[in-house]
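Chemist: got a structure for you, letters missing:
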Ligand SMILES: CC1(C)c2ccccc2-c2ccc(C[C@@H](CC(=O)O)C(=O)C(=O)O)cc21
Ligand SMILES: [Zn+2]
């Protein structure tokens, strides 16, 4: 069975953690959850961008003092996984037995901190997500203005990215996991406090990660549960190979759009604070051959949408693609 890990959080030893199902791996800063697939190091972590240098002083006390008294959205999960779902796509005709895997509450930052600090293992975990907008106090605004925008803008121009779509701050508990998924935007992910393990897979891993149908609330998320893989339903998951890194405060990780990523806050290393910078895609470039895997994923998504709309019933999509392909293309 898994090791019993008794992490010493930032605020001293916390209660015994429940058994970590698959066991843990010791890291210099804490513990990482053990998964079934091999990994090699992420080749590049940006350590000298100074992208969010002013934010390196954003400990929880500073944030409480300066974040302002806006309303903050906090997500709760009964287990360690915060599996994103799109409430708008949730209709019980398409997905009859869908149960939202996490709940959401809004609260003042001070209320969040009280709950965050008195949390004990076994209670629902919390993950705060908030847009860095003008609801924040002046000190935070000044820090934000002192981010290395010059560097960001030079990258944005050089790679013909679209506009910055959002800056969000995330505050998570040690051991929190954001299960593997992809986003359709370029992302500079900046680690501010604590240690986050990021496991990345290139876009062509689509075939081994079996994303939910586009119309499912878990669109863009993988159906493969890294804690309990179902190799009967998802046999190609056996071939998974990931790139992993553990981000430290000040590190920036470029997560290219359509790249799968699993993110976890190390066990036994205290809470984590991160800021991400999402960019819309730039103007559609000339289609070049051979097609990049990202473009194939975008094509698959479009086909799913067109066919589902045309059939008017998501349950007919599989049979139609089967009729199209079996014995003719496969
Ligand atoms: C789990 C959470 C709070 C959440 C709840 C409900 C809806 C959306 C999200 C959401 C989206 C992005 C992140 C940040 C990051 C993962 C990580 O750092 O944990 C990541 O995936 C990225 O930067 O692309 C985290 C979350
Ligand atoms: Zn993401």
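Modeler: Everything's here; your move. None of these values were measured; they are calculated from a predicted model. Numbering: from 1, shown residues only. Ligands and ions are numbered 1, 2, ... in the order given.
Chemist: any weak-confidence spans in the stretch 1-150 of the chain?
Modeler: 1-19 (pLDDT under 70).
Chemist: if we use 50, what do you get?
Modeler: 1-17 (pLDDT under 50).
Chemist: name the residue of it that lies nearest to ligand 1.
Modeler: residue 82 (3.6 Å; C-beta to the nearest ligand atom). Any C-beta I mention is one placed from the backbone N, CA and C, and that applies to glycine too.
Chemist: contacts only, for the most centrally placed residue in the chain.
Modeler: Among the residues of the chain, the one closest to the centroid is residue 178, at 4.8 Å (C-alpha atoms, centre = their mean). Shown in contact with residue 178 (C-beta atoms under 8 Å, 6 or more residues apart in numbering): 81-84, 127, 262-264.
Chemist: mind redoing it with 6 Å?
Modeler: Residue 178 makes contacts with 82, 263, as judged by C-beta atoms under 6 Å, 6 or more residues apart in numbering.
Chemist: so it sits in a helix?
Modeler: No - per DSSP: H, G, I helix; E, B strand; the rest coil, residue 178 lies outside any helix segment and is strand.
Chemist: show the model's pLDDT score for it.
Modeler: Residue 178 carries a pLDDT value of 98.
Chemist: ok, it to ligand 1 distance?
Modeler: 3 Å (C-beta to the nearest ligand atom, to the nearest Å).
Chemist: cool, residue 261 as well?
Modeler: Per C-beta to the nearest ligand atom, residue 261 is found 6 Å from ligand 1.
Chemist: that's a strand at that residue, yeah?
Modeler: Yes - Residue 261 forms part of a strand when assessed by three-state DSSP.
Chemist: strands of the stretch 1-150 of the chain, start to end?
Modeler: Using DSSP state E, counting those that start in this stretch, the strands assigned to the stretch 1-150 of the chain run over residues 8-9, 12-13, 24-27, 30-33, 39-41, 72-77, 102-107, 125-131.
Chemist: nearest to residue 317, of the ones you listed?
Modeler: For the strands of the stretch 1-150 of the chain, the distance to residue 317 is smallest for strand 102-107, at 27.3 Å, taking C-beta to C-beta.
Chemist: in that closest one, which residues are buried?
Modeler: Going by neighbour count (16 or more other C-beta atoms under 10 Å), the buried part of strand 102-107 is 102, 107.
Chemist: OK, contacts around the residue of the stretch 1-150 of the chain closest to ligand 1?
Modeler: For residue 82, the contacting residues are 75, 102, 127, 178, by C-beta under 6 Å, 6+ apart.
Chemist: one step back: can you tell me who the residue nearest to the centre of the chain pairs with across the strands?
Modeler: residue 263 (DSSP bridges).
Chemist: what does the stretch 151-300 of the chain put close to ligand 1?
Modeler: 170, 178, 183, 187, 189, 261, 263, 274, 276 (C-beta under 6 Å from any ligand atom).
Chemist: most neighbours among those, please name it.
Modeler: In terms of neighbour count, residue 274 stands highest of those at 26 neighbours, by other C-beta atoms under 10 Å.
Chemist: correct me, but it touches residue 168?
Modeler: No - in this structure residue 274 lies outside contact range of residue 168 using C-beta atoms under 6 Å: 8.7 Å.
Chemist: right, and residue 129 touches residue 169 too?
Modeler: No - the pair residue 129 / residue 169 is not scored as a contact, 7.5 Å apart, by C-beta under 6 Å.
Chemist: more neighbours, these two?
Modeler: Just comparing residue 129 and residue 169: by other C-beta under 10 Å the higher neighbour count belongs to residue 169, 24 against 17.
Chemist: quickly find the element holding that one.
Modeler: Secondary structure assignment for residue 169, by DSSP states H and E: strand 164-172.
Chemist: starting at the chain centroid, how far to that strand?
Modeler: Offset of strand 164-172 from its chain centre (C-alpha atoms, centre = their mean, to the nearest Å): 11 Å.
Chemist: which stretches of the stretch 1-150 of the chain form helices?
Modeler: Along the stretch 1-150 of the chain, counting by DSSP state H, counting those that start in this stretch, helices occupy 60-66, 109-117, 138-145, 149-158.
Chemist: and the second one, what other elements does it pack with?
Modeler: If contacts are counted by 3 or more C-beta pairs under 6 Å, 6 or more residues apart in numbering; DSSP states H and E, helix 109-117 sits against helix 60-66, strand 72-77.
Chemist: I'd like these as JSON lines, with distance to residue 221 and mean neighbour count appended.
Modeler: As requested, these are arranged in JSON lines below (distance: least, C-beta to C-beta, whole Å; neighbours: other C-beta atoms under 10 Å):
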{"stretch": "helix 60-66", "distance to residue 221": "29", "mean neighbour count": "16"}
{"stretch": "strand 72-77", "distance to residue 221": "14", "mean neighbour count": "18"}
